[in-house]
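Novice: okay, sequence plus prediction incoming.
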Amino acid sequence: MKESYPKYLRAFNSFKDITPNILKEYDIRGILVDLDDTLVTHNYPIPNEDVLLWLKQMKQEGIPVCIISNNQKKRMMSFIKNLDVGYFYNSFKPRTHVVESALGVMNINRENAVLIGDQLFTDIRAANRANIKSFLVKPVGTKSTLFIKIKRYIERKIPI
């Protein structure tokens, strides 16, 4: 069976635009979020103030957050060092094993979860394959690898 193009529930300019009220509209009680180019510029070593404020807001509302990244352990560990969030590295998105594990760690049913990411072929496709909601955000910065830049070029050609 041929897969169709990845489909997302809603698009946002930034993760910062995704508020607890928006999550309530969709009955979302847990967030899986990509790291590089979704929360911060590719390989930015620590959370910036925007990330810290957003995570604090989610925690205050009782919405668990789990960061899932295709990047390496060293990169993830430097980023999450002082954060109180779940995390998975080397996730191999669009494979779904980490999505399934994150749902278990957060004790969230798939119908109450969302995956937030900046790439159709990794983040959004992983959400589609795992049967969870997805929000697409515009990439943060322009420091992506050549491979990711090529994928973004292809993604822009997809009819949404």
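Specialist: It's in.
Novice: rest of the way, CA atoms for contacts and neighbours
Specialist: Fine.
Novice: the helix or strand where residue 57 lies: what's the following helix or strand?
Specialist: Using DSSP states H and E, residue 57 maps to helix 49-60. The helix or strand immediately downstream of helix 49-60 is strand 65-68, counting by DSSP H and E.
Novice: for that following strand, what is the average pLDDT?
Specialist: The average pLDDT for strand 65-68 rounds to 98.
Novice: contacts for that strand?
Specialist: 30-35, 55, 58, 85-89, 91, 98-99, 102, 106 (CA atoms under 8 Å, 6 or more residues apart in numbering).
Novice: out of those residues, which are buried?
Specialist: 30-35, 55, 58, 87-89, 91, 98-99, 102, 106 (16 or more other CA atoms under 10 Å).
Novice: which of those residues fall in strands?
Specialist: Residues of the buried ones among the contacts of strand 65-68 located in strands (DSSP state E): 30, 31, 32, 33, 87, 88.
Novice: and the helices in this protein?
Specialist: Counting by DSSP state H, the chain has helices at residues 20-25, 49-60, 73-80, 97-106, 125-130, 146-156.
Novice: pick the most buried one from the ones you listed.
Specialist: Across the helices of the chain, averaging neighbours per residue (mean count of other CA atoms under 10 Å) puts helix 125-130 on top, at a mean of 21.
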